[in-house]
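Chemist: What shape does this take:
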Amino acid sequence: MTRGARAWVFMATLLAACALLGWPVSHERIDWQPTLALGQPWRAFTAVGVHYSVQHLIGNLAGVALAGVFGVAALVSTRMAWAWLAAWPLTHAGLLLRTDLAHYGGLSGVVHAGVAIVIVYVLACGTRRQRLVGAAVLAGFCGKLLSESPWGEALRHPAGWDIAVAPIAHTSGALAGALCAAIALLLPSRHQVPENHV
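Modeler: Alright, predicted model coming up:
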């Protein structure tokens, strides 16, 4: 496994661990609240520890596992793991666009950031075949985000879920992830040899 893949797995594991550690904690103490964003900025990190049902927790743990596998399969670089870390708080900061979303918790926004990062990486650095797969995933990913109507009501109640979903978190995460991945790719490198070939 490459260094980048190991770093990516570490990030996925860290997010899953935060979700599990936050499960018994009172939601009000660690969830994202726009009114507390400036006074308690750490909530931009701890929000991933809030889950409103067992189904919510299991669904998000499955999501972060899939994002982890996607990154490993794409042979992401270590920079992409750093991009995922940077996108974590930015995902929740983006929720300030919806002040009517008084509370938010969960991993799904940051999972969407991870998926967006892998897509950007594959499109920029992948082989021709990988880029074709990345383009197909991008089309499906964008279709999913648009179908959720993030500009509509702050909360939706999808069939089969026992919680309300905040579509803006998914869009915010995807945009934060794409931005952080693009910045990471544009930063000058100290190494001339591609990491995946070291």
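
Chemist: how close does residue 77 sit to residue 44?
Modeler: 25 Å (C-beta to C-beta, to the nearest Å). Heads up, the C-betas are built off the backbone N, CA and C, glycines and all.

Chemist: again but with residue 124, I slipped
Modeler: Residue 124 is 27 Å from residue 44, by C-beta to C-beta.

Chemist: With residue 92 instead?
Modeler: 4 Å.

Chemist: Just the helices from the protein, written as ranges.
Modeler: Here the chain has its helices, by DSSP state H, at 3-22, 27-30, 43-46, 54-73, 78-93, 108-125, 128-147, 167-186.

Chemist: Residues in contact with the second one: which ones?
Modeler: Contact with helix 27-30 is made by 22, 43, 46, 47, 49, 50, 52, 103, 105, as judged by C-beta atoms under 8 Å, 6 or more residues apart in numbering.

Chemist: Spatially, which two of those residues are the most separated?
Modeler: 43 and 52 (15.9 Å; C-beta to C-beta).

Chemist: With neighbour numbers in mind, choose between those two.
Modeler: For residue 43 and residue 52, the more surrounded residue by other C-beta atoms under 10 Å is residue 43, and the numbers stand at 21 against 16.

Chemist: what's near enough to touch that one?
Modeler: 30, 31, 32, 33, 36, 37, 92.

Chemist: Closest to the centroid, which residue in this protein?
Modeler: What sits nearest the mean C-alpha location of the chain, by C-alpha atoms, centre = their mean, is residue 110, with 2.3 Å.

Chemist: Could you pull up the contacting residues of that residue?
Modeler: For residue 110, the contacting residues are 15, 48, 64, 84, 87, 88, 91, 173, by C-beta under 8 Å, 6+ apart.

Chemist: Out of the residues you listed, which end up buried?
Modeler: Among the contacts of residue 110, the ones that count as buried by 16 or more other C-beta atoms under 10 Å are 15, 48, 64, 84, 87, 88, 91, 173.
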